[in-house]
Each structure stands twice: as C-alpha cells, then as structure tokens.
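Visitor: Here is a sequence with its predicted model. Questions after.
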Amino acid sequence: MRRTRKQNRLLAALPPEIYERLLPDLEPVALPRGWAICEPGIVMEFACFPTTSIVSLLSQLEDGSSPRWP
C-alpha cells in the first residue's frame, strides 16, 4: 500500500516539513469492518488517519445508555 499525504485531509493539510518528519512513523494498516479503534478505559497507543473508510464515534453514558443527538 503506497502512502501519500493526499489520502487523508488532515495529513494533507500539514506543512511539508511536518509531514516529512512524521512519515517514518506512519504505517498503513487494514482495519477489518466493525473493528474498534479505541475502547473505553484503554489508553490509545496510536493515532489513526483513515484514508478509505468511514469512522463513527459512539458514546455511552454512565447508566449504559447512549446519548440522543438532535
């Protein structure tokens, strides 16, 4: 999988010198459908910059319910 900064808008918006500094640490990863990028109570070890996917944020309240968005 070839990496280009145009694959992700956030990476594409970085100044070239910042992107070049990050490039050695960027690694393309295939994420299976339904895979959780982050779980509650788990410390994130990586930042994800999706290129060909849709990511959604789900929240759970203390009582176990999910908030209703307008």
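Guide: Looks like it came in fine.
Visitor: Tell me who's in contact with the spatially most central residue of the chain.
Guide: For the chain, the residue nearest the mean C-alpha position is residue 48 (2.9 Å; CA atoms, centre = their mean). Residues counted as contacts of residue 48 (CB atoms under 8 Å, 6 or more residues apart in numbering) are 29, 31, 37, 55. No exception for glycine: its C-beta is placed from N, CA and C like everyone else's.
Visitor: Restricted to helices, list these.
Guide: Judged by DSSP state H, helices contain none of the contacts of residue 48.
Visitor: which one of the residues you listed sits closest to residue 19?
Guide: residue 29 (18.2 Å; CB to CB).
Visitor: Now the closest one: phi and psi?
Guide: Dihedral angles of residue 29 (phi, psi; degrees, to the nearest 10) stand at phi -140, psi 130.
Visitor: mind checking pLDDT for the most far-flung residue of the chain relative to its centre?
Guide: For the chain, the residue at maximal distance from the C-alpha centroid (CA atoms, centre = their mean) is residue 63, at 27.0 Å. Listed pLDDT for residue 63 reads 86.
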